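In: 3D, please:
(one chain, ligands or ions: 1)
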Amino acid sequence: MKRTLITIASVCATLSLPAHAADDMAGMNMKPSASMAAPKPVEAEVRKVDMANGKVTLKHGPIENLGMSAMTMSFPVKDKASLSKLKEGDKVNATFDTVNGAATVIRIEPR
Ligand SMILES: [Cu+2]
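Out: Prediction:
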């Protein structure tokens, strides 16, 4: 048990060092949150398009950079015009980031 904990602790320390260095480097930009990883496209399926409110409901896979597991939920979309190209049932690649404290779709395209 003790040995397992030590192993995990050392792995965490190894993994977190580069991440912390990256956070320090990013300290100068206006990013509102310290992401755990760089945003990257996540497979998702469109469940609902809400043009009026600039939101889309997605059934999405795990979002690593937000620490979010797979689920279906609604997101604000940064580029509201991109919603006009989407419809229910579309399979998409969506990229997410935290914008003004909210998980937001920053990029969405057909898959
Ligand atoms: Cu979610």
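
In: pretty sure residue 48 is touching residue 73, no?
Out: No. At 10.6 Å, residue 48 does not count as touching residue 73 under the criterion of Cβ atoms under 8 Å. Just so you know, the C-beta spots here come from the backbone N, C-alpha and C atoms, and that holds for glycine as well.

In: Overlap of the contact sets of the two?
Out: Residues touching both residue 48 and residue 73 by Cβ atoms under 8 Å, 6 or more residues apart in numbering: residue 57.

In: Is residue 75 bridged to anything, and to what?
Out: Beta-bridge pairing of residue 75 under DSSP bridges involves residue 56.

In: Beyond the helix or strand of the chain with the lowest mean pLDDT, next helix or strand please.
Out: Least confident helix or strand, the chain: helix 2-26 with a mean of 50, by mean pLDDT, DSSP states H and E. Counting by DSSP states H and E, the element after helix 2-26 in chain order, helix or strand, is strand 42-50.

In: Does that next one reach the ion?
Out: No. Strand 42-50 is not in contact with the ion by Cβ under 5 Å from the ion; minimum separation 9.6 Å.
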